[in-house]
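Participant: Below: sequence and its predicted model.
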Amino acid sequence: MTERDLSISEVEAIAREAHARQTDKAGRPYVEHLAAVAEGVRVRGGDDGQIAAAWLHDAVEDDALSAQWLADAALPQQVKDMVLAVTKRPGEELSSYAARILATPGALLIKEADLAHNADPARLAVLDAATRTRLTTKYAQVRGLLGLVGRESPPDRKNPANPETH
């Protein structure tokens, strides 16, 4: 008998629990970022697998869930592949990271939504100038490596779970 895959709402609940005690660089609950990225994927036309991967996109990187948890999770392999593609590895060059994202079907949309939320001027405005400058430069570099420079991206809709989104 085949186990059924987790639903998006089940994945969301797992991600919210896994990241429940984490905050972002501005001290906001980290789950707001996850919700914004999932919504960003949805408004950009992402499918259910991409939305599920968006909820989990930082879980392994942030040690909120283990790589073994992901490997064993009742999720389609494509979802697992997207999560691992957008998981930055310690010491990894940005060019290698970008190449993996580009080589993984569906992962680019997740990273595009992630970068859009990370680079939101309202989010960056609350950071100190040095951090804001460092992150703005990094996000622009990653967008360039991914071919997202100059590409029109739909604006993220206001997310009630995150008043910082526009």
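Facilitator: Structure's in. What do you need?

Participant: Quick one: low-confidence residue ranges for the chain.
Facilitator: 1-2, 151-166 (pLDDT under 70).

Participant: just the helices in it please.
Facilitator: 8-18, 30-43, 48-56, 67-72, 77-85, 94-103, 107-118, 121-125, 129-145 (DSSP state H).

Participant: quick one: the second one to helix 48-56, angle?
Facilitator: Relative orientation of helix 30-43 and helix 48-56, computed by axes from the mean of the first three to the mean of the last three CA atoms, to 10 degrees: 160 degrees.

Participant: Neighbours of residue 36, how many?
Facilitator: For residue 36, the count of nearby residues is 26 (other CB atoms under 10 Å). Any C-beta I mention is one placed from the backbone N, CA and C, and that applies to glycine too.

Participant: From residue 120, how far out is it?
Facilitator: The gap separating residue 36 from residue 120 is 8 Å, by CB to CB, to the nearest Å.

Participant: just residue 111 next, same as before
Facilitator: 15 Å.

Participant: okay, the two: which has more neighbours?
Facilitator: Ranked by neighbour count (other CB under 10 Å), residue 111 and residue 120 place residue 111 first, with 25 against 17.

Participant: doesn't residue 146 make contact with that one?
Facilitator: Yes. In this structure residue 111 lies within contact range of residue 146 using CB atoms under 8 Å: 6.4 Å.

Participant: Can you check which residues contact both of those two?
Facilitator: residue 101 (CB atoms under 8 Å, 6 or more residues apart in numbering).

Participant: Same question for stretch 16-34: list its buried residues.
Facilitator: 16, 18-19, 24-25, 29-34 (16 or more other CB atoms under 10 Å).

Participant: ranking the helices of the chain by burial, who's on top?
Facilitator: helix 48-56 (a mean of 27; mean count of other CB atoms under 10 Å).

Participant: What helices and strands are in contact with that helix?
Facilitator: Counting contacts by 3 or more CB pairs under 8 Å, 6 or more residues apart in numbering; DSSP states H and E, helix 48-56 is packed against helix 8-18, helix 30-43, helix 77-85, helix 107-118.
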